[in-house]
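Asker: let's see this in three dimensions:
(one chain, ligands or ions: 2)
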Amino acid sequence: MHSYDYLIVGAGLFGAVFAREMTNAGKKCLVIDRRPHIGGNTYCKEIEGINVHWYGPHIFHTNDKEIWDYVNQFVSFNHYIHAPTAIFQGKVYNLPFNMNTFHQMWGVITPEEAQAKIQEQIREAGITQPRNLEEQAISLVGRDIFEKLIKGYTEKQWGKSCKELPPFIIKRLPVRFTYDNNYFNDRYQGIPIGGYNRLTEGLLAGIEVRLNTDYFSEKSYFDQLAPKIVYTGKIDEFFDYRFGELEYRSLRFEHEILEKENFQGNAQVNYTDVNVPYTRIVEHKHFEFGRQPITVITREYSKKWQKGDEPYYPINDEKNNAIFKKYETLAQSLPHVIFGGRLAEYRYYDMHQIIGSALVKARKEKMSF
Ligand code: FAD
Ligand code: UDP
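Answerer: Ligands and ions are numbered 1, 2, ... in the order given. Below is the predicted model:
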């Protein structure tokens with residue numbers, strides 16, 4: 001006799017949405033997480049009245065009204081619009097790449113002038129079909145922007161040359177020929193009022209959660225608790241690395257409280273020079289328009305993932321995708337385990353995509369009742 005209908009490994013957004021959906025459908029869930037808190041990478045720690053994005057800056061954005069309405073059941077969102085800036089050798093540039101950036105880079109004023117400059121640099125580079133991130137970047141914004149705003153940041157972030165990285169990573173960023181610094185094109189955007197924990201607390205309300213609990217420490221005990229398991233951890237770890245280790249990037253966060261009201265005037269400033277060791281500095285109060293007399297900043301350093309580190313980013317190059325495919329095929333032979341989320345699906349998913357994926361998988365599951 002099972003004690004629960006679902007054992008859910010991971011209290012991040014995927015696990016929390018899936019648990020909510022199954023609970024609403026009358027099923028009994030147990031959620032476990034090895035960390036001491038819920039929310040996965042969206043977790044915020046409150047320091048002196050400021051919600052500190054403990055695992056990196058999180059901005060919610062989506063084009064999908066269903067997903068927007070879904071999260072708004074649990075928390076309201078403020079009107080924050082993400083507009084990070086980049087610093088290269090003492091000069092400030094707007095992001096994403098738009099008319100402000102082109103003006104700062106070349107002094108051009110009109111979209112025609114900017115397009116002509118980019119076309120000239122693409123022609124000089126002789127790229128027809130971009131095969132890697134470097135060629136993709138030059139084809140989108142030209143060599144100057146690649147050299148000053150992309151190359152150093154990307155090589156620090158991923159620990160590889162831009163020639164070895166897949167083109168899709170840079171296509172995440174909009175390129176616009178308007179004076180518009182909004183980092184996203186999506187219709188809906190904001191930060192949960194009161195922080196992300198409000199969202200995950202709302203999703204998990206009334207659901208049993210055990211923290212500081214690692215599935216692998218007592219796998220056979222947990223496996224007999226429920227006929228179905230939802231697993232949101234690393235897929236290679238689930239299968240005991242039998243096809244080899246998947247690569248991830250990890251991060252080191254250096255949080256600091258400063259006795260001043262405003263350190264950098266923006267929630268996020270990227271340091272695109274390869275000689276600056278961190279990739280970005282986040283000043284958390286600006287996500288919520290905070291007026292506290294002090295401020296909290298976080299310097300973010302990227303590093304290779306090693307056992308014991310948190311795996312933040314999957315590295316979706318050909319080699320790793322091929323290893324992932326083998327794990328994915330093996331996963332299909334275990335119909336009682338649902339694999340979901342950024343680590344189990346080994347994809348560079350944003351929050352709205354995780355919520356979408358959890359809702360689709362939950363809907364499919366409900367059809368099997
Ligand atoms: P996670 O949040 O990683 O949750 C998985 C949970 O499973 C973790 O809490 C982990 O401790 C637990 N777990 C793993 N293995 C075990 C085990 N063996 N036993 C018990 N528990 C286990 N998205 C956006 O939309 N906008 C952004 O601005 C944005 N910025 C980001 C910045 C950074 C630095 C990072 C890393 C991600 C960012 N994201 C952003 C992506 C967002 O964090 C993810 O899409 C989302 O949080 C993933 O949810 P998840 O549940 O799949 O994974
Ligand atoms: N990127 C860059 N310069 C920047 C910002 C981003 O070259 O100033 C590149 C980099 O390769 C990064 C990718 O664009 O990994 C995606 O950026 P995004 O801001 O979406 O990264 P995330 O916030 O998910 O780490």
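Asker: contacts and neighbour counts: CA atoms only from here.
Answerer: Fine.
Asker: and Trp158, how far is that from Val269?
Answerer: 18 Å (C-alpha to C-alpha, to the nearest Å).
Asker: more neighbours: which of the two?
Answerer: Taking other C-alpha atoms under 10 Å, Trp158 and Val269 do not tie; Val269 has more neighbours (23 against 18).
Asker: are we agreed that that one is in a strand?
Answerer: Yes - judged by DSSP: H, G, I helix; E, B strand; the rest coil, Val269 forms part of a strand.
Asker: so who does it touch?
Answerer: Neighbouring residues of Val269 by C-alpha atoms under 8 Å, 6 or more residues apart in numbering: 84-87, 280-282.
Asker: which of the residues you listed sit farthest apart?
Answerer: Among the contacts of Val269, the pair separated by the greatest distance (C-alpha to C-alpha) is Ile87 and Val282, at 13.2 Å.
Asker: so between the two, which is more surrounded?
Answerer: Val282 (25 against 17).
Asker: give the contact list for the closest residue to that one other than its chain neighbours.
Answerer: Distances taken as C-alpha to C-alpha, 6 or more residues apart in numbering place Gln268 nearest to Val282, at 4.5 Å, with adjacent residues excluded. Residues near Gln268 by C-alpha under 8 Å, 6+ apart: 57, 83-85, 280-283.
Asker: check what pLDDT Met1 gets.
Answerer: If you check Met1, the pLDDT there is 80.
Asker: who in the stretch 201-350 of the chain is up against ligand 1?
Answerer: 213-216, 232-233, 312, 341-342, 349-350 (C-alpha under 6 Å from any ligand atom).
Asker: which among the contacts of Val269 are in contact with ligand 2?
Answerer: Among the contacts of Val269, the ones lying near ligand 2 by C-alpha under 6 Å from any ligand atom are Ala86.
Asker: mind putting the contacts of Val269 in a markdown table, pLDDT and secondary structure included?
Answerer: Listed next are the contacts of Val269 as a markdown table, based on pLDDT from 0 to 100; DSSP: H, G, I helix; E, B strand; the rest coil:
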| residue | pLDDT | secondary structure |
| --- | --- | --- |
| Pro84 | 98 | coil |
| Thr85 | 99 | strand |
| Ala86 | 98 | strand |
| Ile87 | 98 | strand |
| Arg280 | 98 | strand |
| Ile281 | 99 | strand |
| Val282 | 99 | strand |
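Asker: between the contacts of Val269, which is nearest Leu173?
Answerer: Closest approach between the contacts of Val269 and Leu173, by C-alpha to C-alpha: Pro84, at 11.9 Å.
Asker: any idea how far the closest one lies from Gly308?
Answerer: Separation of Pro84 from Gly308 (C-alpha to C-alpha): 31 Å.
Asker: neighbour count winner among those two?
Answerer: Pro84 (19 against 6).
Asker: now that one: phi and psi?
Answerer: phi -70, psi 160 (degrees, to the nearest 10).
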